[in-house]
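A.B. asks: Need coordinates for the below:
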Amino acid sequence: MEIPPSADNQPRLTPPLQQQGSTFPEGQSRRKRNMIIGIAAGAAVVLTAATVGVVLLVSSLSPAHDVSAAAKTYFQALIDGDGEKALSVSDPGVPENEQALLQNNVYKSAGQHIDGYRILGARSDSVRAEVTQNGRKQEITLRMTKSREGEWKVGATNFQKIRLSSSRPVKSFAVNGVDVPAPDPGTGARNSLLMPAFPGEYTLGVSGDKYATAEEQKALISIDRAISKSSESLKVIPSQLLLDETRTLLENKRSECTASTPDSASEATRRGCSGFALYEYRPTRNLKWTIEKEPSFTLLRGEDSWIIQSEEAGKASVSYEVNSGRDDAPQWEPKVELVTPRVSGEIQIVDGKATLKDR
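C.D. replies: Residues are numbered from 1 along each chain as shown. Sure thing, here's the model as predicted:
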């Protein structure tokens with residue numbers, strides 16, 4: 001395109017061409033480009049943060065995270081001796097009436113709780129952990145189960161059990177001083193219970209009967225054992241109260257025997273006065289008994305009573321006069337016999353009171 005000359009015939013300069021597609025001066029254009037780049041970079045940061053947040057959210061809601069959280073709650077409750085908390089994240093797989101050993105009043109008094117734990121890994125339905133008990137470490141796997149409400153809990157396969165049994169029927173057992181009802185003999189069940197328990201050491205005994213007790217036993221639920229270490233039955237023995245009352249009953253019987261001395265050994269046995277018979281066929285008078293040593297005894301548990309068993313015979317003497325003459329012309333001579341009294345009979349509990357029955 002030709003530019004016409006100016007008025008003074010000087011050629012006109014061609015004006016600079018404006019950049020195509022832009023309506024801003026050069027300085028404004030650079031600022032605009034920087035703004036666009038900044039917005040894009042900010043959007044990328046926000047998108048990255050959102051992506052990380054979604055990843056973390058998904059991770060926190062994963063089954064492995066849930067089972068790990070339940071396992072941590074369970075292990076910490078065991079360390080604290082908190083049976084209620086441990087049971088809240090557990091499914092022992094037994095009805096409530098068989099969960100007596102999992103309650104706080106039992107577990108808080110148990111010894112040798114676990115000392116610590118470390119989670120090694122988790123899957124959708126299990127947790128591997130290193131657990132310490134009494135200074136000893138053991139790697140275990142917790143099998144988890146999901147409740148109807150969708151919560152992960154420690155499954156029944158993880159629970160170890162304590163066997164409670166006794167040599168004779170009892171009303172109830174005692175675990176760490178807490179009464180646990182024994183099976184009702186009328187149901188035909190054996191005098192034995194198998195109940196789940198948390199890891200720890202438990203003191204076992206019997207209760208519910210003032211006339212019976214047992215030699216206490218310890219049962220250890222170990223982190224690597226399926227059944228408690230103690231499997232022996234509790235030996236039921238008479239209580240000190242029953243021994244004392246039996247001794248009083250026997251002393252009363254002895255007084256009865258010496259007040260009316262049996263005429264023969266068979267009569268003495270029939271009356272429960274064994275050892276207090278005189279082997280004298282002639283008439284006697286002025287009998288006087290002297291007990292030098294009381295006979296000792298023990299009580300054996302029967303089905304419905306306690307059997308009196310003589311342990312060591314006593315020592316006694318009896319002085320009397322015997323007629324060595326005729327009936328119409330008696331001649332009374334003094335005599336002394338040494339005897340070895342023994343005890344016998346059985347103790348029956350009638351209306352809650354110990355009574356002596358001759359055998």
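
A.B. asks: Let me see the contact set for residue 298.
C.D. replies: By C-beta atoms under 8 Å, 6 or more residues apart in numbering, the contact set of residue 298 is 308, 309, 311. The way it works is simple: take the backbone N, C-alpha and C, and place the C-beta from them, glycine included.

A.B. asks: Whichever of the residues you listed end up buried, select them in ChimeraX.
C.D. replies: Buried members of those, identified by 16 or more other C-beta atoms under 10 Å, are gathered into one ChimeraX selection as follows:
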select :308
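
A.B. asks: Please produce JSON lines containing the contacts of residue 298, extended by secondary structure, distance to residue 200 and pLDDT.
C.D. replies: Output for these, formatted as JSON lines (DSSP: H, G, I helix; E, B strand; the rest coil; distance: C-beta to C-beta, whole Å; pLDDT from 0 to 100):
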{"residue": "308", "secondary structure": "strand", "distance to residue 200": "40", "pLDDT": "92"}
{"residue": "309", "secondary structure": "strand", "distance to residue 200": "39", "pLDDT": "90"}
{"residue": "311", "secondary structure": "strand", "distance to residue 200": "39", "pLDDT": "89"}
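
A.B. asks: can you redo the contacts of residue 298 as TSV with distance to residue 288?
C.D. replies: Formatted as TSV, the contacts of residue 298 follow (distance: C-beta to C-beta, whole Å):
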residue	distance to residue 288
308	26
309	29
311	27
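
A.B. asks: ok, and the closest non-adjacent residue to the residue positioned nearest the centre of the chain?
C.D. replies: The C-alpha lying nearest the average C-alpha coordinate of the chain belongs to residue 101 (C-alpha atoms, centre = their mean; 4.2 Å). Distances taken as C-beta to C-beta, 6 or more residues apart in numbering place residue 197 nearest to residue 101, at 4.2 Å, with adjacent residues excluded.

A.B. asks: Report the beta-bridge partners for the one you found.
C.D. replies: residue 160 (DSSP bridges).

A.B. asks: Count the residues that sit near it.
C.D. replies: Applying other C-beta atoms under 10 Å, we find 23 other residues in the vicinity of residue 197.

A.B. asks: pretty sure it is touching residue 204, no?
C.D. replies: No - assessed by C-beta atoms under 8 Å, residue 197 is found out of contact with residue 204, at 11.0 Å.

A.B. asks: which neighbours do these two share?
C.D. replies: Residues touching both residue 197 and residue 204 by C-beta under 8 Å, 6+ apart: residue 162.

A.B. asks: Any regions of the stretch 201-350 of the chain where pLDDT drops low?
C.D. replies: For the stretch 201-350 of the chain, applying pLDDT under 70 flags the ranges 225-232, 263-265, 272, 274-275.
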